[in-house]
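> Build me a model from this:
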Amino acid sequence: MKNTILTLLGLAVLSPSLLRAQTPAAPASFGICAACHGPDGKGIGAGTPMPMAPPYGGSKFVNDGDGEVMASIVFTGIAKEDAKFLGIMAPLGAVLKDEDIAAVLTFVRSNFGNKSSAVTAEQVKGWREKYNGKPMQKRSDIEKLLKPAAAQ
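Sure, this is the predicted structure:
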């Protein structure tokens, strides 16, 4: 692939070669995430005061438990509820293999200032069975899935 921005499901996606040049440790499938969250994980502003997506660093959704909450978001997406972020989080389970999702979740959970545990393809397979094809989640519903800090 050339060093260009590709389009996947209507989303701009950095090509793997361009992404690796900007984020050397990132798995190629992180390009889908970087389209909105940015190669630096800070969220792309898209020329507006409102970012496309939230930053990864310190995110309770990213760092919760064993990664199930983050995986549920990959499978169901997040519905637009307010004007906090410009875009929605599209469900991406249909376009990514379990191994790709595990690699991306592990990358995000261990970068951008995060120090959370790795995620395996076997875990993702179980979460796919649980969440794939479910309706888009609301941020308020995802908050309810978070484990109390003392339990982590």
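
> for this structure, what are the low-confidence residue spans?
1-24, 46-47, 149-152 (pLDDT under 70).

> Centre-most residue in it?
Centroid-nearest residue in the chain: Cys33, 5.5 Å away (criterion: C-alpha atoms, centre = their mean).

> Tell me which helix or strand the closest residue to it other than its chain neighbours sits in.
In this structure, Cys33 finds its nearest non-sequential neighbour in Val104, 6.2 Å apart by C-beta to C-beta, 6 or more residues apart in numbering. Glycine gets a C-beta too; all of them are placed from N, C-alpha and C. Secondary-structure assignment from DSSP states H and E places Val104 in helix 98-109.

> Touching that helix from outside, list them.
25-27, 29-30, 33, 41, 56, 62-63, 67, 70-71, 74, 92-93, 96, 114, 116-125, 128 (C-beta atoms under 8 Å, 6 or more residues apart in numbering).

> Can you get me a residue count around Asp66?
18 (other C-beta atoms under 10 Å).

> Hmm, I typed the wrong one, I wanted Asp98.
Neighbours of Asp98 (other C-beta under 10 Å): 19.

> gap between the residue nearest to the centre of the chain and Pro135?
Taking C-beta to C-beta, to the nearest Å as the measure, Cys33 falls 21 Å from Pro135.

> Kindly report the same for Ala34.
Noted for Ala34: a distance of 26 Å to Pro135, by C-beta to C-beta.

> One more: Thr106?
Distance, Thr106 to Pro135, by C-beta to C-beta: 27 Å.

> What of Phe75?
Phe75 is 11 Å from Pro135, by C-beta to C-beta.

> These two: which is more packed in?
Applying other C-beta under 10 Å to Phe75 and Pro135 shows that Phe75 carries more neighbours, namely 22 against 10.

> This structure: helices as residue ranges?
For the chain, the helices defined by DSSP state H cover 16-22, 30-37, 60-63, 68-76, 98-109, 121-131, 139-145.

> mind putting those helices in CSV, distance to Phe85 included?
As requested, the helices of the chain are exported to CSV (distance: least, C-beta to C-beta, whole Å):
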stretch, distance to Phe85
helix 16-22, 21
helix 30-37, 9
helix 60-63, 13
helix 68-76, 13
helix 98-109, 17
helix 121-131, 21
helix 139-145, 9
